[in-house]
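> Quick one, structure for this:
(one chain, ligands or ions: 1)
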Amino acid sequence: MASEFKFAPVETSTSYSDILGDLEREIRRERPSDVLQFCANYFNGKLAEQREEFLCQSNLGPSDLSPQADQHPHAVSNGHSSPTFKFAPPSRSSFSSDYPMDQSELDEDEDEDEDDLDHDEEHDKFSTAAIPSMPPPSAYNRGRRTSVSAESIAPSQNQDYVKTVIPKSNAQKSRIQTSIGNNFLFKNLDEDQYNDVVNAMAEKQVASGTNVIEQGGVGDYFYVVESGTFDCFISKDGEPPIKVISYEAGGSFGELALMYNAPRAATIVATSNAVLWALDRVTFRRILMENTSRKRRMYEAFLEEVPLLRSLKPYERHKIADALESVYYEDQNIIVREGDVGDSFYIIESGEARVFRTGADGSQQEVNYLMRGGYFGELALLNDAPRIATVRANGRLKCATLGKKAFTRLLGPVLDILQRNSENYHAIINQHGTSGIPQSN
Ligand SMILES: Nc1ncnc2c1ncn2[C@@H]1O[C@@H]2COP(=O)(O)O[C@H]2[C@H]1O
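Numbers count the residues shown, from 1 in each chain. Take a look at the predicted model:
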């Protein structure tokens, strides 16, 4: 880890009122819709210029500030539809691309130096016609934190917030509605919050092969996919980038850097021409962050314990956490009924459930018993077939549930385990003359 580099103050003849005068002129000229964000970016730009000036004066190059940069691969853009890479390394030693920080670090981090905003080259990578104009991005000091505070750290407590409003046609609004309708992060918004989010979103047309986010860059936007596909790559310790996940319509990415004031944890590349809705950092933090981090924290420990999900990477479990809903049942309540159409998958958070099948003589036979961490309801979803068993609460029961779409999208990596286990059910069927029963683990 590089030792912290301290900037010596640069002598400047610019007075406070000159600075404010310049800013005032810029604001009149640019007429930004988000004045606060514009000011934050403006001062960051100034700060970067000042530091560059200092670098020139002291004959330091950026690599002197970020010594790891040269040790990492910088693959070259080929400009075609295949992904292009240009990775910059995360600059914080505490940062891990699996998951940047835990909550205590987050709190500490927030107390310590609040939000910071650097400009990023991301703005220049695709059409930003719908995004309020920003000062030119600075390539300086990538991924390194500056201490310009852009917005409150406790977003919900910020009363002075200036809302971002990007005018939209009804057609655009309805496209946003469709895009975020399947995304769990937008569930439970009240009407005002929903309107604020729709108003703040900016449409971005992205050409295939574009790096929308670059690992190590600074977070400015959270993205929801309207159409097209994206791949996510992580590069670690000079090794070749590894593809960790793909996104399609309704998917979202880019939340981590905004939540944790951390460098971008991964590179996201468009694998087809695509349309994104970009939500600025201030609006994301004010409206979506609290709920997202609360849900991830809530399910984190539990999902780690679920045997089925053990092989998943932490980030894959976080995506599942975003999509989960907890449901409660009283003793003897039926959760799924044999013969019904299945639309949900269940993991037991607490309590117990008993599984029954109708035997050849029409009687109910108990065929399985499930406890915390056990799962059921996957067969109907996997096979697009009616439920083959009834599951009943044995005492009070709490389940975390995933709908069919989320199940298909998020449990892809454990599909082989699910299928293997379902073959075990068939062995049970053949042995006992009953149809298959979901196995707990
Ligand atoms: N395994 C992963 N680790 C970290 N980020 C990931 C991972 N998989 C997907 N991502 C997404 O990639 C995004 C890169 O930008 P962010 O760090 O802001 O947010 C990140 C996540 O939304």
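> Show me what from this structure comes close to the ligand.
97-98, 213, 219, 232, 234, 244-245, 253-257, 264-266, 268, 313, 315 (CB under 6 Å from any ligand atom). All C-beta atoms are positioned from the backbone trio N, CA, C, and that covers glycine.
> Narrow those residues to just the buried residues.
Buried subset of those (neighbour count, 16 or more other CB atoms under 10 Å): 97, 213, 219, 232, 234, 244-245, 253-257, 264-266, 268, 315.
> Averaged pLDDT, the one helix or strand Met259 maps to. What do you get?
Met259 belongs to helix 256-260 when assigned by DSSP states H and E. Mean pLDDT, computed over helix 256-260, is 92.
> Output that helix as PDB, nothing but the C-alphas.
Taking Å, rounded to 0.1, in the frame of the first residue of the first chain, the C-alpha atoms of helix 256-260 are listed here in PDB:
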ATOM      1  CA  LEU A 256     -21.400  -0.100  -4.400                       C
ATOM      2  CA  ALA A 257     -19.200   2.800  -5.100                       C
ATOM      3  CA  LEU A 258     -22.100   5.100  -4.200                       C
ATOM      4  CA  MET A 259     -23.000   3.300  -1.100                       C
ATOM      5  CA  TYR A 260     -19.500   3.000   0.300                       C
END
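> so what does it touch, helix or strand wise?
In terms of contacts (3 or more CB pairs under 8 Å, 6 or more residues apart in numbering; DSSP states H and E), helix 256-260 is packed against helix 103-113, helix 289-305.
> In helices, which of the residues of the chain next to the ligand appear?
If you go by DSSP state H, the residues of the chain next to the ligand have 256-257, 315 in helices.
> per the record, what domains does this structure have?
Domain segmentation of the chain under automatic domain parsing yields 66-136+161-288, 324-432.
> could you dump these to a markdown table with distance to Tyr42?
Listed next are those as a markdown table, based on distance: least, CB to CB, whole Å:
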| stretch | distance to Tyr42 |
| --- | --- |
| domain 66-136+161-288 | 6 |
| domain 324-432 | 40 |
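> closest one to Gly21 among these?
Nearest of the domains of the chain to Gly21, taken as CB to CB: domain 66-136+161-288 at 16.1 Å.
> what ranges do the helices span in the protein?
So, for the chain - with DSSP H - the helices run 16-30, 35-58, 62-65, 103-113, 170-181, 191-200, 256-260, 281-283, 289-305, 314-323, 378-383, 404-410, 415-432.
> Comparing these, which yields the minimum mean pLDDT?
helix 62-65 (a mean of 30).
> Which of the domains of the chain comes out lowest on mean pLDDT?
domain 66-136+161-288 (a mean of 73).
> Could I get the phi/psi values of Gly339?
Main-chain dihedrals, Gly339, degrees, to the nearest 10: phi 90, psi -20.
> so which residue of the stretch 301-441 of the chain comes closest to the ligand?
Nearest residue of the stretch 301-441 of the chain to the ligand (CB to the nearest ligand atom) works out as Tyr315 at 3.3 Å.
> Please point out which parts of stretch 297-307 sit buried.
299-300, 302-303, 306.
> now swap in stretch 244-252 and tell me
For stretch 244-252, by 16+ other CB under 10 Å, it's 244-245, 247, 249-252.
> Can I get that stretch as CSV, trimmed to CA atoms?
Provided in CSV are the C-alpha atoms of stretch 244-252 (Å, rounded to 0.1, in the frame of the first residue of the first chain):
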residue,chain,number,x,y,z
VAL,A,244,-18.5,-12.4,-12.6
ILE,A,245,-22.0,-11.6,-13.7
SER,A,246,-24.1,-10.5,-16.6
TYR,A,247,-27.0,-8.1,-16.6
GLU,A,248,-30.1,-7.8,-18.9
ALA,A,249,-33.2,-5.7,-18.9
GLY,A,250,-34.4,-4.8,-15.4
GLY,A,251,-30.9,-5.5,-13.9
SER,A,252,-29.0,-2.8,-12.1
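> returning to that earlier point: just checking, the residue of the stretch 301-441 of the chain closest to the ligand touches Ile234?
No. If you go by CB atoms under 8 Å, Tyr315 and Ile234 don't touch, sitting 9.1 Å apart.
> so what sits against both of those two?
Both Tyr315 and Ile234 are in contact with Val244, where contact means CB atoms under 8 Å, 6 or more residues apart in numbering.
> Which parts of the stretch 201-350 of the chain are strands?
For the stretch 201-350 of the chain, the strands defined by DSSP state E, counting those that start in this stretch cover 202-206, 211-213, 221-227, 230-234, 242-247, 252-253, 267-270, 274-280, 325-329, 334-336, 344-350.
> Neighbouring strands - and their directions - for the fourth one?
Partner strands for strand 230-234, per DSSP bridges, with pairing direction: strand 242-247 (antiparallel), strand 267-270 (antiparallel).
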